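> Provided below for reference: sequence and predicted model.
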Amino acid sequence: MFSRREALLSTLFGGGLLGLRTLATGLPAALLLNPRKALAQVPPASCGAADKAQYVVFATSASGDPINANVPGTYEDPGIAHSGADAMKPSALSIAGKSYTAAAAWKALPQGVLDRTTFWHLMTNTPVHPKETDVLTLMNAVARGEMFPSLLAKRLAPCLGTVQAQPISVGAAGPTEGLRFDGAALPTLPPLSLKATLLNPAGPLSTLLPLRDQTMNKLYDIYKNGASPAQKAYVDSLVTSQAQVRAIHQDLLDALSSIKSNDVTGQITAAVALIRMKVTPVVGIHIPFGGDNHNDADLARETSETVDGVAAIASLMAQLGSAGLSDQVTFMSLNVFGRTLRSAGYVGRSHNPNHQVSLTIGKPFGGGVIGGLTPVGSDFGATAIDAATGKMSMTGDIKAVDTLASFGKTALKAFGVADAQVATDVPTGKVIAGAIA
């Protein structure tokens, strides 16, 4: 009978710890599973998205954070209320060579990160916290009711060669933030559990070097006697040296050892580790950005968590840079709804079904602002969008109610998913060409 630890390792690295063997050798899983067949296909069959596919760190929150209140596009109308704190005062922000106005807190992102940052003004069309699960299906715009992060994982896994196609959440703050895959609920893997499993003295990371040598020895006869010069060159271009394995081993040990809790700092470290080990294409995290702030006097919580949230994103991007993954990983966010923007004589903010802001930060996106704001009833909501440019337009060909579906559709396109598949996966909405780099 499998222990809980053995079951977790099998989930993370597959049968026979295939994922660890790919990490230890640098060789694709297909080559390790069936060397003769894989060598016969050298050069390997290309994936349509091979040059665009990305790993994704996906932040989501059922709290309905006020992240939508202090980004570019929210400082133009004096009717929009902001905290008076220095961190939330309007400040010039340069993104990809264009000037915007946003809360000063966003200037904490390095310019290279800002130039890849896109702020999406979207409508989730719900003011209800438990509808987070529906928002993650893009309000049922994804075919077969699949969750968007799960759809991303399913489409990206073949191109990235990950151990599993299912996403992993390391930070779900409750059941409504939990992920599903093909309709089945997925367990959440807290950072401390990942640390305990992988840093066990007899844990898998301690076996990387002998596992590399053992695997290469098994391949040696096939490689020496059954491979053509072109096939040998292909294997040689991929195989990881012993020195590289030692460096990977130490880097992962250092990173995982630094995890002290299941907070956002631990989640980010765990997410980067899972990506480095090619376990999954999509890792879910939770970054607090003001939360359910109905009674937020002077918007103090909104201010402090916005500052901390931007710092968390900066930390993620720095860790990705240190790991050489800046061009391979995109950060995305999607929350259940945004917050009311107009001051109505109450403390804090209420639920806004008409406006939520998502972020994408990554190589596939051009950087800037997609859509914008317009008065809706007694408050503000997302505008329609021009699909060609991504600019707000009262007569845009993407209606406000379709902006959420268009966000998902555009991301799939940006990550290299074929047009026909994109249309099948998200039948409504339009690709926003102006958002793609």
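Good, I have the coordinates.

> just checking, G372 touches L122?
No - G372 is not in contact with L122 according to CB atoms under 8 Å; the separation is 10.9 Å. Backbone N, C-alpha and C define where each C-beta goes, glycine included.

> the two: which is more packed in?
L122 (28 against 21; other CB atoms under 10 Å).

> and the closest residue to the more buried one other than its chain neighbours, what is it in contact with?
The shortest distance from L122 to any non-neighbouring residue, by CB to CB, 6 or more residues apart in numbering, is to T403 (4.5 Å). T403 makes contact with W120, H121, L122, M123, G371, A382, A384, I385, G429, according to CB atoms under 8 Å, 6 or more residues apart in numbering.

> helix or strand right after the helix or strand encompassing the first one?
I take that to be W120. Using DSSP states H and E, W120 sits within strand 117-122. Where DSSP H and E defines the elements, the next helix or strand beyond strand 117-122 is helix 132-135.

> I'd like the distance from the helix or strand that that following helix is followed by to the chain centre, please.
Next in sequence after helix 132-135, counting helices and strands by DSSP H and E, comes helix 148-160. Here helix 148-160 is found 11 Å from its chain centre; the criterion is CA atoms, centre = their mean, to the nearest Å.

> after helix 148-160, which helix or strand is next?
Elements were assigned by DSSP H and E; along the chain past helix 148-160, the next helix or strand is strand 168-169.

> by contact count, what packs against that following strand?
strand 282-285 (3 or more CB pairs under 8 Å, 6 or more residues apart in numbering; DSSP states H and E).

> what mean pLDDT does the strand it packs on have?
The pLDDT scores in strand 282-285 average 98.

> what's the closest non-adjacent residue to A104?
Of all residues not flanking A104 in the chain, S91 sits nearest, at 3.9 Å (CB to CB, 6+ apart).

> how many other residues sit next to the one you found?
16.

> re earlier: taking the contacts of T403 together, which two end up most distant?
Greatest spatial distance among the contacts of T403 (CB to CB): H121 and G429, at 14.6 Å.

> of those two, who's got more company?
H121 (29 against 23).

> pretty sure that one contacts M392?
Yes - if you go by CB under 8 Å, H121 and M392 touch, sitting 7.2 Å apart.

> so what sits against both of those two?
Residues touching both H121 and M392 (CB under 8 Å, 6+ apart): G73, G371, G372, L373, T383.

> secondary structure class for the residue nearest to A104?
strand (DSSP: H, G, I helix; E, B strand; the rest coil).

> related to what we said a few turns ago, what sits in contact with each of G372 and L122?
Common neighbours of G372 and L122, using CB under 8 Å, 6+ apart, are A382.

> now I275, nearest residue through space, not along the chain?
Y55 (4.7 Å).

> perfect, that will be all.
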